[in-house]
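> predicted model, plus sequence, below.
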Amino acid sequence: MDNSSTPASNSEAVGSVTSLKRKSDDVGWEFCELAVTNDPDKVKCKLCNRVISGGVHRLKQHIAHIKGNVASCQKATPIDKAKCMQALLHQKKKKEEKREKLQELQERVNISEKNSNEVEILESCTTPYSLGPMDSFARPISPADSLVESRKKLRQQNINDVLFKKRTSEVHAYLARWVYESAIPFNDVNNDAFQQLLEAVGQFGPGYIPPTQYQLREPLLKQAVETTKETVKKQEEEWKKSGCSIMTDAWSDRKRRSIMNLCVNCKLGTTFLSSIESSADAHTGKYIFDYVDKWIEEVGSKNIIQVVTDNASNNMAAAKLLNEKRPYIFWTSCATHTLNLILEGIGKMPKFKFVIDKSKELTIFIYAHHKTLSLMRKFTKKRDIVRPGITRFASSFLTMQSLLEKQENLKYMFLSKEWLECKWSSTAKGTKIYSTIVSQTYWQALSMCVEIFKPLVKVLRLVDGDWRPSMGFVYGELKDAKKEIIRICKGAADI
Ligand SMILES: [Zn+2]
C-alpha cells in the first residue's frame with residue numbers, strides 16, 4: 001500500500017529546519033521565510049513583512065486572499081494570488097483523494113453479516129458511526145475492561161458457531177496480509193497493546209481513521225511520553241515505600257561501542273534510567289562505582305536495597321568501593337551469570353571437558369563441509385544440531401542434548417554407504433570423528449554429562465526469565481539441583 005502521501009499541511013511541520021529557508025518545493029516558500037529558525041510554524045511574508053503563525057499553509061491563504069483564518073496580503077499581485085490559490089486547491093484535492101482512497105479501502109472490507117438473532121449483541125453495520133449527542137453517555141472505549149467480558153458475552157448469546165468461525169477467519173486474513181506486507185514479527189501478535197488495539201477498533205466500529213505519520217511522530221508520541229512519565233512516577237513512589245534494586249550491565253554493540261546501562265527494579269517493574277557509552281578499558285571498578293553512586297544519589301540512597309551486577313572483576317572492585325561508602329547497601333551478583341559460571345566451572349573438570357570437546361569437534365566437523373552437512377540433514381530428517389553460541393554455557397548444553405537425541409541418526413549416517421563414498425571419510429579428521437561416533441564410551445559419557453547438567457540448566461532457565469525476581473527461590477532450587485546431581489552421580493557409580 002502507498003504510505004508516501006502525507007497531507008501537505010502535515011508534512012510542512014516535519015523535517016529539519018536549519019536555516020530560514022526550508023527544504024521544500026512548496027510554492028509558498030517563494031513568498032516567505034521562517035520568522036525564527038527552527039520554528040516551521042512562524043513564517044514571514046516577503047511581500048508585506050507580516051509574520052504569520054500556522055506555517056506555509058496559512059501563508060498561502062494570506063497571499064491567495066482566502067478569508068477566515070488570516071488577514072489577506074495587500075502587496076500580492078494577481079499572479080501571486082493565482083499561484084497560491086492553485087497550490088491550495090491542488091493540496092485540497094490531494095487530501096480529498098486520500099480520504100476517498102481510505103473510504104474505498106474501508107468499503108472493500110467485507111466481513112460476513114451476523115443473522116438477526118445476534119444483532120442486539122453487537123450491531124453489525126458497514127457504515128461508519130456518526131456520533132450524536134447520545135454518544136457522550138455511551139461507554140468510553142476501554143479495551144482492557146471489555147476484552148474478556150465481550151468474549152464471554154458473545155459465547156453466552158448463543159452465537160452461531162459456524163458464522164463466528166467464518167467471521168474470525170475473514171478478519172484473520174486482513175490481519176495476516178498486513179503482517180506479511182509490513183514484515184511484522186510474528187510474535188508481535190502476543191503483544192498486549194496489539195490485542196487492546198484490535199478490541200478498541202472493534203468497539204469504535206466501522207470507519208475508524210488511523211493516525212497520519214505526522215500524528216504518530218508528533219502529538220501521539222508526546223502523549224505517550226507523558227503516559228510513560230506517569231508510570232515512572234508511580235514506580236518512584238513505590239521505591240520510597242518498599243525499596244528498589246539498581247541493576248547495571250555493560251556490553252558492546254554492533255559497532256563495537258562499549259555501552260553501560262543502568263535500570264531500577266521495584267515491585268511494580270523495571271525502569272531504564274541511563275546508559276553511557278565508554279571505551280572498554282575505562283570500565284574500571286572506580287569508573288563503575290562512580291556511575292552507580294551518582295545514580296544512587298539520584299534515586300535516593302535510603303530507597304536502595306541492593307545493586308545487582310555480574311561477577312566480572314571490575315564489578316567486584318566497584319562493590320568493594322560501594323561497601324566502604326555505603327555499607328548498608330548490598331551488592332548482589334546476578335544469578336544468571338553466577339549459574340553460567342558454575343556450569344562453566346563444572347565443564348572444565350577433565351571428565352566433562354573431554355566430552356564437551358569431543359562434541360564440539362563433531363559438530364564443527366559436520367557443519368564445516370557441505371557434504372557432511374547435507375548428509376546429516378538427510379539422516380536427521382532435516383533436523384539441525386543446536387549449535388553453541390559464543391559465551392553462554394547453556395548453549396553447549398543444548399548442543400550436547402541435541403547430539404544425544406540424534407544419536408541413532410548420526411550412527412546410521414557414519415555407517416552409511418554415502419559416508420564411505422564421501423571424500424572426508426578417508427581424511428585424518430574424518431577417521432577421528434568416525435571413531436567418536438562409534439565409541440560407546442563417548443555416548444555414555446555424553447548422556448551422563450547431560451544428566452548432570454540438567455538440574456542446573458533448569459535453575460538457569462528459571463532465573464533467566466524476566467517474569468519474576470529469582471531471590472525468593474534461587475537458594476531452594478540450587479539445593480534441589482545439588483541433591484539431584486548427587487543422586488545421579490551415585491546411580492552412575494553403582495553401574
Ligand atoms: Zn503579505
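Nice, I can see it. Residues are numbered from 1 along each chain as shown.

> now the helix or strand harbouring S245, how far from the centre of its chain.
Taking DSSP states H and E as the criterion, S245 maps to strand 244-252. On the basis of C-alpha atoms, centre = their mean, to the nearest Å, the separation between the geometric centre of strand 244-252 and that of its chain is 19 Å.

> and if you look at stretch 95-112?
For stretch 95-112, the distance from its own C-alpha centre to the chain's C-alpha centre is 31 Å (C-alpha atoms, centre = their mean).

> packing partners for the lengthiest helix in the chain?
In terms of residue count, the longest helix belonging to the chain (DSSP state H) is helix 78-108. If you count contacts as 3 or more C-beta pairs under 8 Å, 6 or more residues apart in numbering; DSSP states H and E, helix 78-108 packs onto helix 8-11, helix 55-64. For every residue, glycine as well, the C-beta is placed using N, CA and C.

> helices and strands around the strand holding S245, which ones?
strand 258-266, helix 285-299, strand 304-309.

> low-confidence stretches in the chain?
Low-confidence segments of the chain, defined by pLDDT under 70: 1-23, 114-159, 279-281, 387-392, 465-468, 492-495.

> strands of this protein, residue ranges please.
Using DSSP state E, the strands of the chain run over residues 32-34, 42-45, 51-53, 244-252, 258-266, 269-278, 304-309, 330-333.

> between the ones you listed, which gets nearest to N110?
strand 269-278 (41.8 Å; C-beta to C-beta).

> what angle do helix 285-299 and that closest one make with each other?
Orientation check (axes from the mean of the first three to the mean of the last three C-alpha atoms, to 10 degrees): strand 269-278 against helix 285-299 gives 140 degrees.

> adjacent strands (with direction) for strand 269-278?
Paired with strand 269-278 in the same sheet, following DSSP bridges, are strand 258-266 (antiparallel).

> list the buried residues in the strand it pairs with.
Judged by neighbour count (16 or more other C-beta atoms under 10 Å), strand 258-266 contains these buried residues: 258, 260, 262-266.

> go on, stretch 212-220?
In terms of neighbour count (16+ other C-beta under 10 Å), stretch 212-220 has its buried residues at 212, 214.

> what's the offset of that stretch from the middle of its chain?
Mean-position distance between stretch 212-220 and its chain equals 20 Å (C-alpha atoms, centre = their mean).

> what about it, how long is it end to end?
Using C-alpha to C-alpha, to the nearest Å, the gap from the first to the last residue of stretch 212-220 comes to 10 Å.

> distance of the closest residue to N110 other than its chain neighbours from L102?
Counting by C-beta to C-beta, 6 or more residues apart in numbering, the nearest residue to N110 once its immediate chain neighbours are dropped is E170, at 7.4 Å. Distance of E170 to L102, computed by C-beta to C-beta, to the nearest Å: 20 Å.

> now S242
Applying C-beta to C-beta, one obtains 49 Å for the distance of S242 from L102.

> how far is stretch 291-303 from where the chain is centred?
Taking C-alpha atoms, centre = their mean, the mean C-alpha location of stretch 291-303 is offset from the chain mean by 28 Å.

> what's in contact with it?
Residues from elsewhere that reach stretch 291-303 (C-beta atoms under 8 Å, 6 or more residues apart in numbering): 239-240, 243-244, 246, 248, 260, 262, 264, 273-274, 276, 304, 307, 318, 322, 325-326, 329.
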